[in-house]
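Asker: what would the 3D arrangement of this be:
(2 chains)
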Amino acid sequence: MISDVTSSDAGAAPEEAPAPSRSRFGYAAVALLLAGIVLGAAIGLVVPRFRTPGTDSVEAGFLRDMSTHHAQAVEMAMIAHAGSDTPGIVTLAADIATTQQAQIGYMQAWLRDWDLDPTGDQPAMAWMPDAAGSVVNGLMPGMATPEQLATLRKATGKQLDVQFLTLMRAHHLGGIHMAQEAEELSGNKDVDWLADSMVTAQQGEIQLIDDLLKQAQAG
Amino acid sequence: MSTPGPERVPSTVKVGKTTGQGKPPAKKAGANRPNAGKGGKGRKPVTPVKVSGGRNWGPIAVAGVVVLIAAGIIGYGVYASVQGSRAWTDKLADIKGVVNYRAQKNATLDDRTHKDGALTYLTSPPVGGSHNPTWQNCMGDVYTEPIANEHAVHSLEHGAVWVTYKQGLAADQVAVLQKKVEGKDYMFMSPYTGLDKNVSVQVWGYQYKTDDVNDSSIDAFISAARLKASMEPGAACSSGNTTTGPVTAATSNGASMDTATPGSSSGS
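Answerer: The predicted model follows:
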């Protein structure tokens, strides 16, 4: 019955005087068009927010935490770069410092692109399941303690070389673990790409560190 | 829009005359065109009543719920988008008691030049002004002795939050503050001689003072301003001075990081 009515309604409408019917259609069309534009603009405003990670996402957590993690690698590398007498270690330190500082730039820029704060309210490692226990005195996996850093700053010669390589080796292992986990959990291709490059580069550097460590301890 | 047009025209031509009275035919239920002509006026008041009376509320309710959910999702998205992009300065302004020194446009506070030696500052602890070329290391460093304002102000310029507490504050209260700082870059803390409250947190141009180390506004301040307050995006907190005690004229870029300043060494 109802469908009958509507169909005949639609069919009958044109039967009457065409002029008023058309203008009514015209108003309806304009109204629909305007509504469509408004709705489209609203969706356009909103959809990018749904497509980029939110502030409590794995991606945001990883970028913030890895920025802090990287910053300490830069700190240690700068100490070794300034203090080591071994050319191979000075070069490695420069490589680590420049690469990781640049990667901090990538990570911070993405957070900014996503309209997120560079720092968050979440505790360290909150983005990684079952990782809360890995944070000791605020330090993420592999990070050197304030005491270790103080000792490194005072060290010279062979002591500096050995301490730097040992600390950086542990730091890389922690960083690789975090990056692998992020790659697994994140659905963002940029984050996956950077995390993967960290894993590859730092695994390679660990081999180099092992070689340099043998030389340093022998020397 | 173009397709319905031609269809309408022929139909109008066919039956146009019989239904010339305009609206009534439109309301005729199930009427064939020949019939429509005969009893137009008689039926029209009857059928509309039936139609409206037989309105099926089920689909309308479902459609209403769908529209409500859609509007809710869109509304939340807009809210999250607006909220997420709220300026950190607005978040700071929401914290009762935060002093905004940037708003004062004070040339001495806004001065960002590098100067050697001891400097004087307008506020205690300082929140801006000219400073030593070497910044204080602010990689979550916890200094157990007072540090030089001249280095600390440079760290503020780099975006760090400096947590200061009244010298002699009870160890358990210092430990509460330490938890907020350790392991976090763009954070550092130290005792401050002559502080008028138990705690003062500051970034470049903003300060919040309180007597309660558990004051949630401390966390809100840190959350809103850490790194965002940076005057030099990308500037680091490492490679800074790591010693405590007053600044010395000899202190300058990098070279003196470890040895230049006298006084007790950092507890961190």
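Asker: quick check: next helix or strand after the lengthiest helix in chain A?
Answerer: Scanning chain A for the helix with the most residues, using DSSP state H, yields helix A:18-51. Counting by DSSP states H and E, the next helix or strand C-terminal to helix A:18-51 is helix A:58-83.
Asker: next one: that next one to chain centre, how far?
Answerer: For helix A:58-83, the separation from the chain centroid amounts to 13 Å (computed by Cα atoms, centre = their mean, to the nearest Å).
Asker: is any residue of the helix or strand just after that helix near chain B?
Answerer: As assigned by DSSP H and E, the chain's next helix or strand after helix A:58-83 is helix A:87-113. Yes - contact between helix A:87-113 and chain B is present through A:101, A:105, A:108 (criterion: Cβ under 8 Å from any Cβ of the partner chain). C-beta: built from backbone N, CA, C; applies to glycine.
Asker: got the buried residues for helix A:87-113?
Answerer: Buried positions in helix A:87-113, judged by neighbour count with 16 or more other Cβ atoms under 10 Å in any protein chain shown: A:89-90, A:92-93, A:96-97, A:99-101, A:103-104, A:106-108, A:110-111.
Asker: same question, stretch B:177-192
Answerer: Along stretch B:177-192, these residues count as buried under the neighbour rule (16+ other Cβ under 10 Å): B:177-178, B:180-192.
Asker: those residues: which ones sit near chain A?
Answerer: Near chain A, judged by Cβ under 8 Å from any Cβ, the entries from the buried residues of stretch B:177-192 are B:181-186.
Asker: could you measure from the residue in the stretch 101-250 of chain B that chain A sits nearest to over to A:I37?
Answerer: Proximity to chain A, evaluated over the stretch 101-250 of chain B using Cβ to the nearest Cβ, is greatest for B:G183 at 2.4 Å. If you measure B:G183 against A:I37 using Cβ to Cβ, to the nearest Å, the figure is 50 Å.
Asker: what residue in chain A comes nearest to chain B?
Answerer: Checked against chain B (Cβ to the nearest Cβ), the nearest residue in chain A is A:G138, 2.4 Å away.
Asker: excluding chain neighbours, what is closest to B:G240?
Answerer: Distance criterion Cβ to Cβ, 6 or more residues apart in numbering or on different chains; nearest residue to B:G240, sequence neighbours excluded, is B:N137 at 3.7 Å.
Asker: shouldn't the one you found be in contact with B:A236?
Answerer: No - under the criterion of Cβ atoms under 8 Å, B:N137 is not in contact with B:A236, lying 9.7 Å apart.
Asker: can you list the domains in chain A?
Answerer: Chain A breaks down by automatic domain parsing into domains covering A:2-48, A:54-218.
Asker: re earlier: how much space separates the residue of the stretch 101-250 of chain B closest to chain A from B:A71?
Answerer: As defined by Cβ to Cβ, B:G183 lies at a distance of 43 Å from B:A71.
Asker: same question, B:K91
Answerer: When distances are taken as Cβ to Cβ, B:K91 and B:A71 turn out to be 28 Å apart.
Asker: the more surrounded of the two?
Answerer: Neighbours were counted for B:K91 and for B:A71 using other Cβ atoms under 10 Å in any protein chain shown; B:K91 has more, 17 against 11.
Asker: neighbours of the residue lying closest to that one once chain neighbours are set aside, how many?
Answerer: With Cβ to Cβ, 6+ apart as the measure, B:A224 is the residue that lies nearest to B:K91, at 3.9 Å, once sequence neighbours are left out. Here the neighbour count serves as a burial measure; for B:A224 (other Cβ under 10 Å) it reads 26.
Asker: now B:A224: which helix or strand?
Answerer: Following DSSP H and E, one finds B:A224 within helix B:216-225.
Asker: ok, now B:I73?
Answerer: Per DSSP H and E, B:I73 falls inside helix B:57-84.
Asker: go on, A:I206?
Answerer: A:I206 is located in helix A:189-218, with elements delineated by DSSP H and E.
Asker: what's the residue closest to the geometric middle of chain A?
Answerer: The residue at the geometric middle of chain A, judged as the C-alpha nearest the mean C-alpha position with Cα atoms, centre = their mean, is A:L63 (3.2 Å).
Asker: for that residue, what are its contacts?
Answerer: Taking Cβ atoms under 8 Å, 6 or more residues apart in numbering or on different chains as the definition of contact, the neighbours of A:L63 are A:107-108, A:110-111, A:191.
Asker: then B:D196?
Answerer: For B:D196, the contact set (Cβ under 8 Å, 6+ apart) comprises B:124, B:209.
Asker: check what pLDDT B:A255 gets.
Answerer: In this prediction, B:A255 carries a pLDDT score of 40.
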